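Colleague: Give me the fold of what follows.
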Amino acid sequence: MISFDQKTCGDLASASQIEWLETNGLGGFAGSTITGLNTRRYHGLLVAATPTPVDRFVLLSKLEEVLIIDGLRCELSSNAYPGTTHPRGYESLIGFRLDPYPIFTFSFLGVTLEKHICMLHGENTAVVRYEVKGRNIANRKIVLEVRPLIAYRDYHSTTHENSVIDRNVDVSGGVASLTPYHGMPAMHIAHNATLAAATGNWYRNFQYEREMERGLDFQEDLFNPLALTFELGRGKSAVVIASTEKRSADEAETLIAREVKRRKKIADAAPVQSELGRSLAIAADQFLVKRGEQYTVIAGYPWFGDWGRDTMIALPGLTLATGCLDIAKSILLEFSKHVSQGMLPNRFPEAGTPPEYNTVDATLWYFEAVRSYLAAGGEEKFVRENLYPVLLDIIHWHVKGTRYGIYMEEGNGLLHAGEPGVQLTWMDAKIGDWVVTPRIGKPVEIQALWFNALRVMADLAQRFADDASFRRFDRMAIMAQWSFNKLFWNESAGSLYDVVNGGPPDASIRPNQILAVSLHHSMLPQNRAQKIVEKVQAELLTAVGLRTLPASDPRYVGKYFGDQRARDAAYHQGTVWPWLLGPFFEAYLKVHRNETAARAQVEAWLNGFAMHLQTAGLGQVSEIFDADAPYAPVGCTAQAWSVAELLRVQRLIATPAEKRAAAAAPIALRATISAS
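Modeller: Residues are numbered from 1 along each chain as shown. Now for the predicted structure:
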């Protein structure tokens, strides 16, 4: 359980930096700060995903609440307006806890009010439940007024007062239904209020501080369609269920109990039964969503969709580490259907537009994801019949040549990638026509992934009695290994070049080289691998991830802030990425031959992350951090591969007893997932 006291909640500047997240397994979510003050345009109580995981709409932004005790009013909401905060409900907020969903505790005139927010798995439904507590409430008149504020817009935009909104609200039978704009889904607000009355007022000029900092549209007007009045007391709770489906307020407790039970099963499947391990398992579940009948991975909340690169890197940690092989199988199958000219899509865009194929590494990570799936006990027949032909076709296209100058070079067997104006590796920031880190030629991690893919294919060919393919892939791998060690070793620096492109090689000290050590199949001899780990540890390692450049590099940017141009310019020029801890920890264990002391060191590094889960995105791991101490979390507050890589490494260093316990838990978990 993560909790905060009155002192933290009452400090608006600090509390507004701490965010919570609820997700629904469809791509939809709810989220805000621990005061309930929305600081992002992405914040809301019902951000529905319909019809796909990336078509998301902020339907219900928030609830304005007033607690009335014996005629005296206390406003519980907090909103930022130009130059002021109003109301100041955070001043009555005496506690917040994540247990396992957000619970706010308010106090007024000796009465304690708890507000519970729980999003249901498998549907666009948010349940909000209020309950008064205390010994002196029996003879008091306690009333709660709730006014829903709706945005009803794409989650990347903002709403402004307009005349086209449909103000009609059907208020009957404990459910208020509305469809403010043509073509948008209807929202149904189930409630147990004693009075529900249509209103029709605009609340103007909300300000979102995080968007202001990011140089984006930060002001919004919200519409109030109705007001709900509840009578509270001992044994009487107030319920508001906002959903794209018709629900009944009488279901609230049952729905919440069902969701709590589901989350407990997920936590029980964590590879390590520590507070950190259970938290990471719950966090991992928030990224696994349905795309039609199959699964995919949301790269990060609150604004990313499902990306090929992020999905393949995150797959082992999000699914295999917790024994959810069925979900891994589903993801691998879904992406296999979208391979084009030997490339995995980098992104499934929103609004039904075609996938984008502008990545070189997502496809190569696919091979490692398949290998990891089989190593975890996945179905060999499934891989042979469904994935092996796709993998063969991918290799064919990479040898022949595909989009954006991706082809295997004759004479050295290495993989060329890139052309002017295109960013193909994970260091993909682009500002207008400026590709910040173009890395055209032969990037180091692409060669590591290419060799790993060739070795994976040789192993699969041998496993499937495809002798001709085995011999071919074995020869290709041997050539690539010889060429790589000849071209990429920088003897004077004791590390690898970052890019070799025919001219002077790029000697930048970047974390990409760690993949040449960490991947299952490595091209490097032990002495070189050892030096690379030492170099990365000395110049790039921080407590929260690896820097993307050392502080000694003249291009180094220590802080990630400002408008989009400033932020993108810093994205891979020093900024710390926690997902890289996974490859670094695995490389560290490799070169230290998995010795007890090395495992203890990795465990200590991992445990240092526990405190981060109580900052930024509660229970989650941020996308990136400032490169300069104190390494402030920035970017997305919840990132799939950040969580996945920590969870995967926990699995790597788990004791045999911990692995046996975790292996038993997913049996019940898979039944829960199938039922969803």
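Colleague: After whatever helix or strand residue 485 lives in, which helix or strand is next?
Modeller: Taking DSSP states H and E as the criterion, the element that holds residue 485 is helix 467-488. Using DSSP H and E, the helix or strand that follows helix 467-488 towards the C-terminus is strand 489-490.
Colleague: And the contacts of that following strand?
Modeller: The set of residues external to strand 489-490 that reach it, using Cβ atoms under 8 Å, 6 or more residues apart in numbering, is 496-497, 505, 507, 528. Bear in mind the C-beta positions are built from the backbone N, C-alpha and C, glycine included.
Colleague: other SSEs contacting the helix or strand following that strand?
Modeller: Sequence-wise, the next helix or strand downstream of strand 489-490 (DSSP H and E) is strand 495-496. The helices and strands touching strand 495-496, judged by 3 or more Cβ pairs under 8 Å, 6 or more residues apart in numbering; DSSP states H and E, are helix 526-539.
Colleague: Now do whatever helix or strand comes next after the helix it packs on: which elements does it pack against?
Modeller: Of the helices and strands lying after helix 526-539 in sequence (DSSP H and E), the nearest is strand 541-542. If you count contacts as 3+ Cβ pairs under 8 Å, 6+ apart, strand 541-542 packs onto no helix or strand.
Colleague: same thing but 10 Å
Modeller: helix 581-591 (3 or more Cβ pairs under 10 Å, 6 or more residues apart in numbering; DSSP states H and E).
Colleague: For whichever helix or strand comes after the helix it packs on, which outside residues touch it?
Modeller: For helix 581-591, the following helix or strand on the C-terminal side (DSSP H and E) is helix 596-607. Defining contact as Cβ atoms under 10 Å, 6 or more residues apart in numbering, one finds that helix 596-607 is touched by 272, 274-277, 280, 541, 543-544, 581, 584-586, 588-592, 594-595, 646-647, 649-650, 652-655.
Colleague: that older thread, show me the one in the contacts of strand 489-490 that has more neighbours than the rest.
Modeller: Highest neighbour count within the contacts of strand 489-490: residue 496, with 31 neighbours (other Cβ atoms under 10 Å).
Colleague: Pairing partners for that residue in the sheet, please.
Modeller: Beta-bridge partners of residue 496, counted by DSSP bridges, are residue 489.
Colleague: From the contact counts, what lies against the helix holding residue 485?
Modeller: helix 388-400, strand 407-408, strand 442-443, helix 444-463, strand 495-496, strand 499-500, helix 515-518.
Colleague: Quick one: work out the angle between the fourth one and helix 581-591.
Modeller: Read it as helix 444-463. Angle, helix 444-463 to helix 581-591, by axes from the mean of the first three to the mean of the last three Cα atoms, to 10 degrees: 70 degrees.
Colleague: Run the chain-centre distance for helix 444-463.
Modeller: 28 Å (Cα atoms, centre = their mean, to the nearest Å).
Colleague: buried sites along that helix?
Modeller: Neighbour counts over helix 444-463 (16 or more other Cβ atoms under 10 Å) mark 444-461 as buried.
Colleague: quick one, what contacts the residue sitting furthest away from the middle of the chain?
Modeller: What lies farthest from the middle of the chain is residue 139; by Cα atoms, centre = their mean that is 47.4 Å. By Cβ under 10 Å, 6+ apart, the residues touching residue 139 are 70, 233.
Colleague: any idea which of the contacts of strand 489-490 is the one closest to residue 125?
Modeller: Set against residue 125, the nearest of the contacts of strand 489-490 by Cβ to Cβ is residue 496 (50.1 Å).
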